[in-house]
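Asks: everything below, folded, please.
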Amino acid sequence: MENYGYISAMRKYATFSGRAPRKEYWMFTLIYIIIAIVGAVLDAFIFGLGVESVGVLGGIIALGHIIPSIAVGVRRLHDTNRSGWWYFIIFIPLIGILVMLYWMIKASDPGDNQYGPNPYGVADTSVFE
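Replies: Residues are numbered from 1 along each chain as shown. The predicted structure follows:
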């Protein structure tokens, strides 16, 4: 089995097809948050707290992660047997974000679906069946 996580998601930088299991999505998200926090701390120490210079590293980090974060989110939606176009639901204030969070937490669609074979090879039904 492939090691699903941050590196796996970054290798598929702009791949919007296929499926991403929960582990790949959440490990990517966790590592990205850690990197963003480190970038913010470095911004504060290197560039000071001036308004014109805060966020330089954070902006570079965010810019480098925007495409893979959307791609892994779309693949995660595919894993729950939903079209990637559902990703736009996050633009609906509060409700959209809560629905998207539920879909990201939800277990994988058991077996193969229209987006490809189950990445784990078996049904992942440990949470939110």
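Asks: buried stuff in the host helix or strand of G64?
Replies: If you go by DSSP states H and E, G64 is part of helix 56-79. For helix 56-79, the neighbour count (16 or more other C-beta atoms under 10 Å) marks 57-58, 61, 65, 68-69, 71-79 as buried. The way it works is simple: take the backbone N, C-alpha and C, and place the C-beta from them, glycine included.
Asks: list the contacts of it.
Replies: Identification of contacts with helix 56-79 by C-beta atoms under 8 Å, 6 or more residues apart in numbering yields 9-10, 12-22, 24-25, 28-29, 32, 35-36, 39-40, 42-43, 46-47, 83-84, 86-87, 100, 103-104, 108-109, 113, 115-116, 119.
Asks: restricted to buried residues, select these in PyMOL.
Replies: Here the buried members of those are turned into a PyMOL selection, burial being counted by 16+ other C-beta under 10 Å:
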select buried, resi 9+10+12+19+20+21+22+24+25+28+29+32+35+39+43+84+86+87+100+103+104+108+109+113+115+119
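Asks: take the contacts of helix 56-79 and keep only those in helices.
Replies: In helices, judged by DSSP state H, the following of the contacts of helix 56-79 are found: 9-10, 22, 24-25, 28-29, 32, 35-36, 39-40, 42-43, 46-47, 100, 103-104.
Asks: which regions of this protein sit below the pLDDT cut-off?
Replies: 1-3, 49-54, 122-129 (pLDDT under 70).
Asks: verify the contact between R19 and P119 for me.
Replies: Yes. In terms of C-beta atoms under 8 Å, R19 counts as a neighbour of P119; the distance is 5.3 Å.
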